[in-house]
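Q: build me a model:
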Amino acid sequence: MSDVDVDAVVGVPAVEPGTAGPPCAYARLRDEKPVVRTRLPNGETGWLISRYADVRAAFADPRLERPLLSAWPRSDDDDEPPPCLPTFLEMTGEHHERVRRAVLPLFGRRRLEFMGPRIRAMAEELIDTMVAGAADGTADLVASYVEPLPLRVLCETTGLPHEDRDIYLPHTLTLLGASGLSKAEVLAALNALQDYASALVSRKEQAGFVQLLLAQSRCPGSELTRDDVVSFVVTMLMAGYKTTMQHTGNALLALLTHPLELRRLREEPARIGTAVEELLRYVPLMNAINILVAKEDFTLHDQHIRAGDAVVPVPASANRDPGAFADPDRLDLTRSPNAHIAFGHGPHMCTGGHLTRLQLATTIQVLVERLPGIELAVPVDSIPWDESTPLRAPARLPVRW
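A: Next up, the predicted model:
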């Protein structure tokens, strides 16, 4: 007898404490009610979609669009402040295509090859510092390696000043939990990030992608505007650090708790590309709630979705769907093909996917090369967890080598 009430409004399934997820409840929803009315953390309702095929289709469905964080849920309050600039994730139609044409070449696989040696050098420097400071051969992998590396990569790639991190990081952390916040809280964080990004674009010492995009926006006849560059900075701040950091911590924990897989990867480093794809599928990179809004009425699995309804596709559930992946709850670093949707799908598929792959591969390669005997220094059930955002991750990873 199932405990899923298929006729009720259900809460968004919660991740089990001390795990990265995805919640076990998604398995029951996939079986019994693949489209179900759900109550979001901020009190709004929407349609939760849990099966792989439906989630993939939803991200590419022209009947669904991403609402502005600053303008959803809709309000009849005439005194409501105007919405912020749309982030790259929220742009639609010709605007999105125009900006995508300018941004996409910067994140192509070949374009990012130049970052490979630099990411490796940063990773090796962090490992050297960790080892030098660990007289007993033990350390916290999160504080020493997992946390600082993604921010350094983001700053060097995009041109964000590392020394400004105490200004912008608190607002990015706020927005990761936007689905559980009031509109006023979301607006405050978005406005703060937009103000920071605008000030950064106005400086004379821009670097990285910010510099390249700003120069492009100043060319006669350019399709890119200054506001588009500001929106790009805000998008990178929201999407480029905390989620990467937490996914990396979870991926390393998965490897450390699967020592046979870790050993095989160490012995066959050429498998790193396939292993990274499996870690992207297995570890829920997007436990965070993805809100889409229906532009028209339509029916899905006998559920009538009306124009204006929120639709919530869940990649964390889709990537564990047995209808798409054999033995989906097993970590298999040789899994191929592996058509996961960790980066979404369709026009708004994550632009930074190649950078994330490169960074995760380098992080793992350097770790196993430099510390081939690395292992957890404490029982796995004693590891403390950071559960402050929808993507749960280890707060500490005590290791020895």
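Q: residue ranges with poor pLDDT in the stretch 1-150 of the chain?
A: For the stretch 1-150 of the chain, applying pLDDT under 70 flags the ranges 1-7, 75-83.
Q: quick check: closest non-adjacent residue to residue 116.
A: In space, residue 116 comes closest to residue 358 once its chain neighbours are excluded; the distance is 6.2 Å by C-beta to C-beta, 6 or more residues apart in numbering. For every residue, glycine as well, the C-beta is placed using N, CA and C.
Q: and if you look at residue 376?
A: Per C-beta to C-beta, 6+ apart, closest to residue 376 is residue 256, 5.1 Å.
Q: surely the one you found and residue 399 touch.
A: Yes. Assessed by C-beta atoms under 8 Å, residue 256 is found in contact with residue 399 at 7.1 Å.
Q: and for the two, which residues touch both?
A: By C-beta atoms under 8 Å, 6 or more residues apart in numbering, residue 256 and residue 399 have these common neighbours: 374, 375, 376.
Q: quick one: contacts for the first one?
A: Spelled out, it's residue 374. Residue 374 is in contact with 256, 367, 368, 399, 400, 401, counting by C-beta under 8 Å, 6+ apart.
Q: how much space separates it from residue 69?
A: 39 Å (C-beta to C-beta, to the nearest Å).
Q: could you do the last one as well?
A: As for residue 376, its distance to residue 69 is 38 Å (criterion: C-beta to C-beta).
Q: what about the two, which has more around it?
A: residue 69 (23 against 17; other C-beta atoms under 10 Å).
Q: number of residues surrounding residue 301?
A: A count of neighbours around residue 301, defined by other C-beta under 10 Å, yields 12.
Q: re the thing from before, how about the contacts made by the residue nearest to residue 116?
A: Contact analysis of residue 358 by C-beta under 8 Å, 6+ apart lists 112, 115, 116, 119.
Q: please pick the buried ones from those residues.
A: Buried members of the contacts of residue 358, scored by 16 or more other C-beta atoms under 10 Å, are 112, 115, 119.
Q: could I get the full set of strands for the stretch 51-200 of the chain?
A: Using DSSP state E, counting those that start in this stretch, the strands found in the stretch 51-200 of the chain span residues 64-65, 138-140.
Q: tell me the most buried of these?
A: strand 64-65 (a mean of 20; mean count of other C-beta atoms under 10 Å).
Q: gap between it and the chain center?
A: Offset of strand 64-65 from its chain centre (C-alpha atoms, centre = their mean, to the nearest Å): 19 Å.
Q: did I read that right, residue 46 in a strand?
A: Yes. The assignment for residue 46 is a strand, going by DSSP: H, G, I helix; E, B strand; the rest coil.
Q: count the neighbours of the closest residue to it other than its chain neighbours for me.
A: Using C-beta to C-beta, 6+ apart and skipping the chain neighbours, the partner closest in space to residue 46 is residue 310 (3.1 Å). Using other C-beta under 10 Å, residue 310 has 22 other residues around it.
Q: just the mean pLDDT for the host helix or strand of residue 279, thanks.
A: Residue 279 is part of helix 272-282 when elements are defined by DSSP states H and E. Averaging pLDDT along helix 272-282 gives 97.
Q: mind exporting the C-alpha coordinates of it to CSV?
A: What follows is helix 272-282, C-alpha atoms only, in CSV (Å, rounded to 0.1, in the frame of the first residue of the first chain):
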residue,chain,number,x,y,z
ILE,A,272,37.6,10.4,-16.4
GLY,A,273,35.2,11.8,-19.0
THR,A,274,32.7,8.9,-18.7
ALA,A,275,33.1,9.0,-14.9
VAL,A,276,32.3,12.7,-14.8
GLU,A,277,29.1,12.2,-16.8
GLU,A,278,28.0,9.5,-14.3
LEU,A,279,28.8,11.7,-11.3
LEU,A,280,26.7,14.5,-12.9
ARG,A,281,23.8,12.0,-13.3
TYR,A,282,24.2,10.3,-9.9
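Q: sweet, I'm off.
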